[in-house]
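Trainee: next comes the sequence, and after it the predicted model I'd like to discuss.
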Amino acid sequence: MSKAKIGVLVSGGGTNLQALIDAQTAGKLPSGEIALVIANNADAYALTRAKNAGIPTAVVLKKDCGSQEAFETALMDMLNKNGIDLIVLAGFMAILSERFTKSYPRRIINVHPSLIPSFCGKGFYGLHVHEAALAYGVKVTGATVHFVNEIPDGGEIILQKAVAIRKNDTPETLQKRVMRLAEWKILPAAAELVCREIITERTGD
């Protein structure tokens, strides 16, 4: 049975990509394989992680493309040329238009560092999410993997995992713990769920 091909879009360090690579190495991604990593930043360390794992890489820069539409067309061409079945946004710091997301219905997933619908949507990314959670005084936060549509963080939820907030937490300590205890666990698990669904659809079982 052929595996679903995963394309991972990255912008920075690639810790979530590493979680996917580690899951694949450990046999926790039996229905999928990471076939391509695309960065919108030529200096992204995620590219080094991919190369170290023997995964093909590509760089697509918006400034070279000239417009959002041309940038997205270049991304789509690269994904389609490589036969990508599932797109994983792993710290991809670019908003994708409705034209892009509608081209891959239920085939783009993203991990967000809160329990959606809390602390999500426009402006909520990276440390901002954890700053907001601490400022609000919530006792529990976590991470969510969801399908991507035209609304930021608005797609159907696939998996969530809760993480307790500690009394002396800073945004930085909370970010690290949410990554370790939630993001790095549920992103590979959600990718496997969707890959399994893709294979089932393909085989008609």
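Mentor: Yep, it's here. Predicted, not measured: the structure shown is a model, and the values here were computed from it. Residues are numbered from 1 along each chain as shown.
Trainee: please count neighbours and contacts with C-alpha atoms only from this point.
Mentor: OK.
Trainee: helices of the protein, start to end?
Mentor: Per DSSP state H, the chain carries helices over the ranges 15-25, 45-52, 62-65, 68-81, 98-103, 127-136, 171-178, 184-203.
Trainee: what about the ones you listed, which gets the closest to Ala4?
Mentor: Closest approach to Ala4 among the helices of the chain (Cα to Cα): helix 184-203, 5.5 Å.
Trainee: returning to that earlier point: dump the helices of the chain to TSV, plus mean neighbour count and mean pLDDT.
Mentor: Compiled in TSV, those are given as follows (neighbours: other Cα atoms under 10 Å; pLDDT from 0 to 100):
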stretch	mean neighbour count	mean pLDDT
helix 15-25	20	97
helix 45-52	18	97
helix 62-65	13	94
helix 68-81	16	96
helix 98-103	14	96
helix 127-136	17	97
helix 171-178	17	98
helix 184-203	19	96
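Trainee: let me have the ones you listed in JSON lines, extended by distance to Leu89.
Mentor: Formatted as JSON lines, the helices of the chain follow (distance: least, Cα to Cα, whole Å):
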{"stretch": "helix 15-25", "distance to Leu89": "9"}
{"stretch": "helix 45-52", "distance to Leu89": "12"}
{"stretch": "helix 62-65", "distance to Leu89": "17"}
{"stretch": "helix 68-81", "distance to Leu89": "13"}
{"stretch": "helix 98-103", "distance to Leu89": "12"}
{"stretch": "helix 127-136", "distance to Leu89": "17"}
{"stretch": "helix 171-178", "distance to Leu89": "17"}
{"stretch": "helix 184-203", "distance to Leu89": "10"}
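Trainee: which one of the ones you listed lies closest to Glu33?
Mentor: Once these are compared by Cα to Cα, helix 15-25 is nearest, at 7.1 Å.
Trainee: now do the contacts for Leu174.
Mentor: The neighbours of Leu174, taking Cα atoms under 8 Å, 6 or more residues apart in numbering as the test, are 130, 165.
Trainee: from Gly13, how far off is it?
Mentor: 18 Å (Cα to Cα, to the nearest Å).
Trainee: check Pro171 too.
Mentor: For Pro171 relative to Gly13 (Cα to Cα), the value is 18 Å.
Trainee: got it, and Lys176?
Mentor: Taking Cα to Cα, one finds Lys176 at 13 Å from Gly13.
Trainee: what do you get for Leu75?
Mentor: In terms of Cα to Cα, Leu75 sits 20 Å off from Gly13.
Trainee: try Pro105
Mentor: Remark: distance between Pro105 and Gly13 (Cα to Cα) = 27 Å.
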